[in-house]
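**Q** this one's structure only:
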């Protein structure tokens, strides 16, 4: 999980450094392509079986939701303050825990929960620290121009 957080953070910080002229869909395309290639390489030793229609439909729906969330995250990282946006990202941990329990009747091991707690605590500390430093939120007039082209 910590490696995943490292790569997500790297992507978010890289996104902020990109020119606003680079469309969010371009960043989304390259991000999803790299994820797909990684899983393709990891799965090379696994036998492939055809997916039933229902599973294929769920996979397509999941892909659409992932692409939508990538674009949303990229826009949030470009427009918002990292210290404010990042803690909201950790809600995905809560959703993953609940969905894992409800859909698969699985609960993570203690070390996974400890890792998740460390990640969430660091995000909350960052939000607390920014608040204590008295940094005012950026007003819409102060935001950089961001291309919303797909």
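**A** Cool, the structure landed. This structure is a prediction, so every number in the text was calculated from the model and none was measured. Numbers count the residues shown, from 1 in each chain.

**Q** low pLDDT regions in this structure?
**A** Residues of the chain meeting the criterion pLDDT under 70: 1-2, 5, 83, 86-87, 135-150.

**Q** What segments of it are helices?
**A** 2-17, 24-42, 53-79, 82-89, 91-104, 110-132 (DSSP state H).

**Q** What are the buried residues along the third one?
**A** For helix 53-79, the buried set under the neighbour-count rule, 16 or more other CB atoms under 10 Å, comprises 70-71, 73-79. Bear in mind the C-beta positions are built from the backbone N, C-alpha and C, glycine included.

**Q** Give me the contact list for stretch 69-78.
**A** With contacts defined as CB atoms under 8 Å, 6 or more residues apart in numbering, stretch 69-78 is touched by 12, 15-16, 18, 20, 24-25, 27-28, 31-32, 85, 89, 144, 146, 148.

**Q** That one: how far from the chain's middle?
**A** 9 Å (CA atoms, centre = their mean, to the nearest Å).

**Q** which of the helices of the chain sits most buried?
**A** helix 82-89 (a mean of 16; mean count of other CB atoms under 10 Å).

**Q** Not counting residues beside it along the chain, what's closest to residue 100?
**A** residue 106 (5.0 Å; CB to CB, 6 or more residues apart in numbering).

**Q** Same check on residue 12?
**A** residue 77 (4.8 Å).

**Q** measure that neighbour to residue 90 for me?
**A** Per CB to CB, to the nearest Å, residue 77 is found 15 Å from residue 90.
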